[in-house]
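A.B. asks: What shape does this take:
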Amino acid sequence: MSDDSLWLSTMAAVPEAQQQRRRRRGRRSVAVARPFRVDFNDIDRRQGSGNLSRRRQPLARALGAKTRTIFDATAGWGRDAALAALMGFDVLAAERCAVVSAMLTDGLVRAEANPSLSLALGGRLSFKHGDACEILAAADGDGTPPPDAILIDPMWSSANGFGKARRKVATALPRASLQLLSTLLLAPSSSTPAVQTLESRGGANGDGGEASSANDATRTLIDAALRSEGVHRVVLKKPRAAPPLEPPPNARQLDVVETNLVRFDVLVPL
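C.D. replies: Numbering: from 1, shown residues only. The predicted structure follows:
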């Protein structure tokens, strides 16, 4: 996908109010379009910040001290995958949406062109376009070594505990990048993103039917992850305020790691 088509796809999906920023020119305020792209260079890599510490970073604690390889089943904008790779994990991240997948590839190419970031990533990050359940099933069938852990961070809807973590300001919209991601992932076809804004879809979480469908898809993905041969743990990332997870019959909850905004429920297959 060309840079121009990526730009058009993202600009079509971002709500108009979120596409614009205001620039002052004298007494006039001018709206300027602001395209979005995946950029891993702004992840905090400073020594002493603790962001890449396996002992202090909640994501690393949830993934486990013995984990070496990770399958991120819901890549999104790739932030968790990139963060894990920077902490030393080998990460394969799957994304079913063609536009988001192309943007992830573009972001990784630019990251590898940055000498210091490329060195920090160490070749441990890769992305794959496709359905995570199908990728897991294919890996089980062809003898591919299984990952130690599977990370799942789905789009949640607030009505059923499914929704991106946000602050307690009930009227605040999620930031533009999350609105864009939600719009692309809720499109009727993963390869043909919807161009309507989130406002025209009834808000950032869509309607009840979309939420129910998302819930069912997430449960299917959790079940597929737990059934994957050789996987030691499945980590489910949720908003902290979401209802507690009821472990499926084929799993038990090993641990819960919380931050101010999110919670990692750690499941182990029985």
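A.B. asks: What number of residues are in the vicinity of Glu229?
C.D. replies: Residues lying near Glu229 (other C-beta atoms under 10 Å) number 12. Any C-beta I mention is one placed from the backbone N, CA and C, and that applies to glycine too.
A.B. asks: Look up which helix or strand the residue nearest to it when sequence neighbours are not counted falls in, please.
C.D. replies: Excluding the flanking residues, the one nearest Glu229 by C-beta to C-beta, 6 or more residues apart in numbering is Asp140, at 5.2 Å. Counting by DSSP states H and E, the element that carries Asp140 is helix 132-142.
A.B. asks: any idea of the mean pLDDT in the next helix or strand after that helix?
C.D. replies: Following helix 132-142 in sequence order, the next helix or strand is strand 149-152 (DSSP H and E). Mean per-residue pLDDT for strand 149-152: 97.
A.B. asks: for strand 149-152, packing partners?
C.D. replies: strand 69-72, helix 79-86, helix 208-227, strand 233-239 (3 or more C-beta pairs under 8 Å, 6 or more residues apart in numbering; DSSP states H and E).
A.B. asks: how about 7 Å then?
C.D. replies: strand 69-72, helix 208-227, strand 233-239 (3 or more C-beta pairs under 7 Å, 6 or more residues apart in numbering; DSSP states H and E).
A.B. asks: Lowest average pLDDT across these?
C.D. replies: helix 208-227 (a mean of 76).
A.B. asks: quick revisit: the helix holding Asp140 packs against which elements?
C.D. replies: Using 3+ C-beta pairs under 7 Å, 6+ apart, helix 132-142 sits against helix 208-227.
A.B. asks: thinking again about what came up before, now distance to Met155 too, for the helices and strands packed on strand 149-152, in a markdown table please.
C.D. replies: Below are the helices and strands packed on strand 149-152 laid out as a markdown table (distance: least, C-beta to C-beta, whole Å):
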| stretch | distance to Met155 |
| --- | --- |
| strand 69-72 | 14 |
| helix 208-227 | 6 |
| strand 233-239 | 11 |
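A.B. asks: what's the spacing between the residue nearest to Glu229 and Pro147?
C.D. replies: Between Asp140 and Pro147 the computed distance is 12 Å (C-beta to C-beta, to the nearest Å).
A.B. asks: Would you mind telling me which of these two has the busier surroundings?
C.D. replies: Ranked by neighbour count (other C-beta under 10 Å), Asp140 and Pro147 place Pro147 first, with 26 against 16.
A.B. asks: can you tell me how far the more buried one sits from Asn51?
C.D. replies: Counting by C-beta to C-beta, the gap from Pro147 to Asn51 is 23 Å.
A.B. asks: do the same with Asp223
C.D. replies: Distance from Asp223 to Asn51, by C-beta to C-beta: 32 Å.
A.B. asks: From the contact counts, what lies against the strand or helix carrying Thr183?
C.D. replies: Thr183 is part of helix 176-185 when elements are defined by DSSP H and E. On a contact count with 3+ C-beta pairs under 7 Å, 6+ apart, helix 176-185 meets helix 3-13, helix 98-112.
A.B. asks: how big is the angle separating the last one from helix 176-185?
C.D. replies: Counting by axes from the mean of the first three to the mean of the last three C-alpha atoms, to 10 degrees, helix 98-112 points 140 degrees away from the direction of helix 176-185.
A.B. asks: how about helix 98-112: buried residues?
C.D. replies: 98-108, 111 (16 or more other C-beta atoms under 10 Å).
A.B. asks: for stretch 79-95, same thing?
C.D. replies: Buried-residue list, stretch 79-95, by 16+ other C-beta under 10 Å: 79-87, 89-95.
A.B. asks: Quick one: mean pLDDT over it.
C.D. replies: 96.
A.B. asks: What are the contacting residues of that stretch?
C.D. replies: Stretch 79-95 has contacts (C-beta atoms under 7 Å, 6 or more residues apart in numbering) with 40, 43, 45, 52, 54, 57, 59-60, 63, 67-73, 75, 78, 101, 104, 120-121, 124-130, 132, 135, 151, 153.
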